[in-house]
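> Whatever this is, show me its structure:
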Amino acid sequence: MKLRNLAKYKNIVIQCHDVPDADAIASGFALQSFLRSLGAEPVLVYGGAAKISKPNLIMMIDALKIKIERINKIPSGTDLLITVDCQRGAGNVQKFDLPEDAQISVIDHHRPEIQENEYVFIRPYLASCSTLIWDMLNKEHYPINSRVATALYYGLFTDTNGLSELRHPLDRDLSEIHCDTGLIKKLKNATITIDELDIIGKTLNKREIIGNIVIFKAEPCDANLLGFASDIAQQVAHLDCCIVYCEQQHGLKLSIRSSAREIMASEIAAFICRGAGNGGGNIEKAGGFMSFAKISERSGGQTPHDYLISKAKEYIENYDLIYADNNDIDFENMAIYKKLPLPVGFAVSSAIFPEGSKITVRTLEGDIDAVASDGIYLMIGIQGEVYPILREKFEASYSISDLPYREETEYQPAILNRLSGERKMIPPFAKTCIPKDSKHVRAKILEKDAKVFTHWDTEKYFSGVAGDYLAANEGDYSDCYIVRKDIFEKTYKLVK
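Model prediction:
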């Protein structure tokens, strides 16, 4: 769907969910601003029994001059209703009566509850609706002004526990947008009330310790409050990870903090929420959501609380830890595989940014920090996966091809210059290469989930699930890594 197609309607209403949060308000405001630039005059509204009352939201609305009103009926003559950060018919949005011929559009990032069509745009892999709107505005080449940029940034900030739950590269891209940092600072410091402070105090008195993980249950509250509570809880000595959660209308909302390199907050969030919702974030801070309906399907009659506890216990018992430079893995007795001569991409890091630049390689799998160098190449796999390789190993394993590099992936991998903030796409700098006949690895199928600390970063690990492959380059078993099952079986052939 192209946003500009919505501007053809005369009487447009943009509806947020009841008691809208910053993400809903920001998304509606940005969409309203864009449609106005095309000559439309949409109104921004919300329903429900309660008015917006949180101090940070009132400050945001006043400072950014956002016109939003609470209504009890849709204006007469409405010919297009757009719900943002919610879906018409869901439990958190008032379903107003509409004229019979009115068109309905949905722009949301939550789990789909309605059937998609040309007017329904739902992307549940994104951490905020602000990210989705921002991406759609960029595709329209809309010049985003400071007010809109600040609103979208703050929408993302509040929906991700202070940027700790960024799930997708687009979320990470929005988190670096230029905005009014002075206003953002004020909004950050106007986030809770005395009553909410009481909730935090009560939360920290309700805990359950499982190994080196502590779990706290909070009263129903928003994501920011869970984040504050988990930040405090994580300061307790001898506990590697804390999980603070609360029950919301449709499921459990989680905030997770970790201080041990063996537990990435983003990874435990994904593990616990797998199959029941979504979880993600960064190494130290993450969060997630699990729906009651999905928990019921998977729990065998457990309560949501007991299901969460069981997943935390399963996580502790589930993983093998493998350290690239210090392990007792018997690679010698693993099967030998040959890499198939499939064209893949590569780029020299110093061709994208000058030698010595501190860079972050941004991919769907996460961010990789490195330093641009003639000796560090970036490989691009058949599904757009990116990983670094030393020039010596590249030259020993690959032949450069004259074929032009072509890539079609959901999100093209990019590089950020950590000093200047400049962002460049990798594919325009990429060339094509083909694995040599001598490219062999030792590998085996993982019988249980595993975490591998590689040469490239001893503080971060790459995790794999049972069924994926643990592999090491023939002749250098310290260079071990995990390859996803579907990718391995497309790119390697068994030799013996």
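> other SSEs contacting the least confident helix or strand in the chain by mean pLDDT?
Using mean pLDDT, DSSP states H and E, the weakest-scoring helix or strand in the chain turns out to be strand 462-464, at a mean of 75. With contacts taken as 3 or more CB pairs under 8 Å, 6 or more residues apart in numbering; DSSP states H and E, strand 462-464 sits against strand 450-453, strand 476-483. The way it works is simple: take the backbone N, C-alpha and C, and place the C-beta from them, glycine included.
> try it again with 6 Å
Under the contact definition 3 or more CB pairs under 6 Å, 6 or more residues apart in numbering; DSSP states H and E, strand 462-464 sits against strand 450-453.
> And the strand it packs on, how far out from the chain middle?
Taking CA atoms, centre = their mean, to the nearest Å, the mean C-alpha location of strand 450-453 is offset from the chain mean by 21 Å.
> and it, average pLDDT?
Strand 450-453 shows an average pLDDT of 79 in the prediction.
> contacting residues for Tyr119?
By CB atoms under 6 Å, 6 or more residues apart in numbering, the residues touching Tyr119 are Ser105.
> where along the stretch 151-300 of the chain do the strands fall?
Remark: strands assigned in the stretch 151-300 of the chain by DSSP state E, counting those that start in this stretch are 207-210, 213-218, 241-247, 251-258, 277-281, 285-291.
> What strands flank the third one, and is each parallel or antiparallel?
When you say that, I think you mean strand 241-247. If you go by DSSP bridges, strand 241-247 pairs up with strand 213-218 (parallel), strand 251-258 (antiparallel).
> what about stretch 426-440, how long is it end to end?
End-to-end distance for stretch 426-440, by CA to CA, to the nearest Å: 27 Å.
> what's in contact with it?
By CB under 6 Å, 6+ apart, the residues outside stretch 426-440 that reach it are 336, 338-339, 341, 343, 345-347, 351-352, 380, 397-401, 403, 405, 407, 412-413, 474.
> For that stretch, buried residues please.
Residues of stretch 426-440 classed as buried by neighbour count (16 or more other CB atoms under 10 Å): 426-427, 429-430, 432-435, 439-440.
> Please state the offset of that stretch from the chain centre?
Distance of stretch 426-440 from its chain centroid, counting by CA atoms, centre = their mean, is 28 Å.
> so for that stretch, what's the average pLDDT?
89.
> go on, stretch 198-207?
86.
> the helices in the stretch 1-150 of the chain, which residues?
Per DSSP state H, counting those that start in this stretch, the stretch 1-150 of the chain carries helices over the ranges 22-37, 55-63, 129-139, 146-159.
> any chance of those helices in TSV, plus mean neighbour count and mean pLDDT?
Listed next are these as TSV, based on neighbours: other CB atoms under 10 Å; pLDDT from 0 to 100:
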stretch	mean neighbour count	mean pLDDT
helix 22-37	25	97
helix 55-63	17	94
helix 129-139	24	96
helix 146-159	25	96
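> The ones you listed: which one's closest to Leu390?
Distance to Leu390, taken as CB to CB, is lowest for helix 129-139 among these, at 34.7 Å.
> could I get the buried residues of stretch 426-440 as a markdown table with distance to Ile82 and secondary structure?
Output for the buried residues of stretch 426-440, formatted as a markdown table (distance: CB to CB, whole Å; DSSP: H, G, I helix; E, B strand; the rest coil):
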| residue | distance to Ile82 | secondary structure |
| --- | --- | --- |
| Ile426 | 35 | coil |
| Pro427 | 34 | helix |
| Phe429 | 39 | helix |
| Ala430 | 39 | coil |
| Thr432 | 43 | strand |
| Cys433 | 46 | strand |
| Ile434 | 48 | strand |
| Pro435 | 49 | strand |
| Lys439 | 52 | coil |
| His440 | 55 | strand |
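> Between those, which sits nearest Met1?
Pro427 (25.4 Å).
> do you know how far that closest one is from Ala414?
Using CB to CB, to the nearest Å, we find Pro427 at a distance of 9 Å from Ala414.
> swap in Asp18?
In terms of CB to CB, Asp18 sits 37 Å off from Ala414.
> Do a quick rundown of the strands in the stretch 301-450 of the chain.
Using DSSP E, counting those that start in this stretch, strands in the stretch 301-450 of the chain cover 320-323, 335-339, 344-348, 358-363, 366-371, 376-380, 386-390, 398-400, 414-417, 423-425, 431-435, 440-445, 450-453.
> picking that back up, can you redo the strands paired with strand 241-247 as CSV with distance to Leu98 and mean neighbour count?
Below are those laid out as CSV (distance: least, CB to CB, whole Å; neighbours: other CB atoms under 10 Å):
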stretch, distance to Leu98, mean neighbour count
strand 213-218, 37, 21
strand 251-258, 28, 27
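> ok, the nearest residue in space to Lys65 that is not next to it in sequence to Ile316 distance?
Nearest residue to Lys65 in three dimensions, chain neighbours excluded: Arg147, at 7.0 Å (CB to CB, 6 or more residues apart in numbering). Separation of Arg147 from Ile316 (CB to CB): 46 Å.
> Then Ser259?
16 Å.
> again, but for Pro428
44 Å.
> Output the below-cut-off pLDDT ranges for the stretch 301-450 of the chain.
Within the stretch 301-450 of the chain, the ranges that satisfy pLDDT under 70 run 325-326, 364-366, 408-411.
> what about the closest residue to Leu225 other than its chain neighbours, neighbour count?
Distances taken as CB to CB, 6+ apart place Glu196 nearest to Leu225, at 5.4 Å, with adjacent residues excluded. Counted with other CB atoms under 10 Å, residues neighbouring Glu196 total 17.
> With Tyr477 instead?
Tyr477: 17 neighbours (other CB under 10 Å).
> what's stretch 288-298 in contact with?
Contacts for stretch 288-298 (CB under 6 Å, 6+ apart): 250-254, 269, 273, 275-277, 279, 304, 307.
> which two in those residues are spaced the farthest apart?
Distance extremes for the contacts of stretch 288-298: the farthest pair is His250 and Ala269 at 17.9 Å, using CB to CB.
> quick one, which of these two is more surrounded?
Ala269 (28 against 19).
> re the thing from before, what would the strands of the stretch 151-300 of the chain look like in JSON lines with distance to Leu6?
Listed next are those as JSON lines, based on distance: least, CB to CB, whole Å:
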{"stretch": "strand 207-210", "distance to Leu6": "48"}
{"stretch": "strand 213-218", "distance to Leu6": "38"}
{"stretch": "strand 241-247", "distance to Leu6": "35"}
{"stretch": "strand 251-258", "distance to Leu6": "30"}
{"stretch": "strand 277-281", "distance to Leu6": "27"}
{"stretch": "strand 285-291", "distance to Leu6": "28"}
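> where among those strands is the average confidence lowest?
Across the strands of the stretch 151-300 of the chain, the lowest-scoring stretch is strand 277-281, with a mean of 79.
> list the helices and strands it packs on?
helix 265-273, strand 285-291.
> what does that strand rub up against?
By CB under 6 Å, 6+ apart, the surrounding residues in contact with strand 277-281 are 164-165, 167, 265-266, 269-270, 273, 287-291.
> any idea of the angle that strand forms with strand 366-371?
Angle, strand 277-281 to strand 366-371, by axes from the mean of the first three to the mean of the last three CA atoms, to 10 degrees: 10 degrees.
> Low-confidence ranges, the stretch 1-150 of the chain, go.
Along the stretch 1-150 of the chain, the model assigns pLDDT under 70 to residues 91, 113-117.
> quick one: Ile295 from Gly89, how far?
Relative to Gly89, and taking CB to CB, Ile295 is found at 22 Å.
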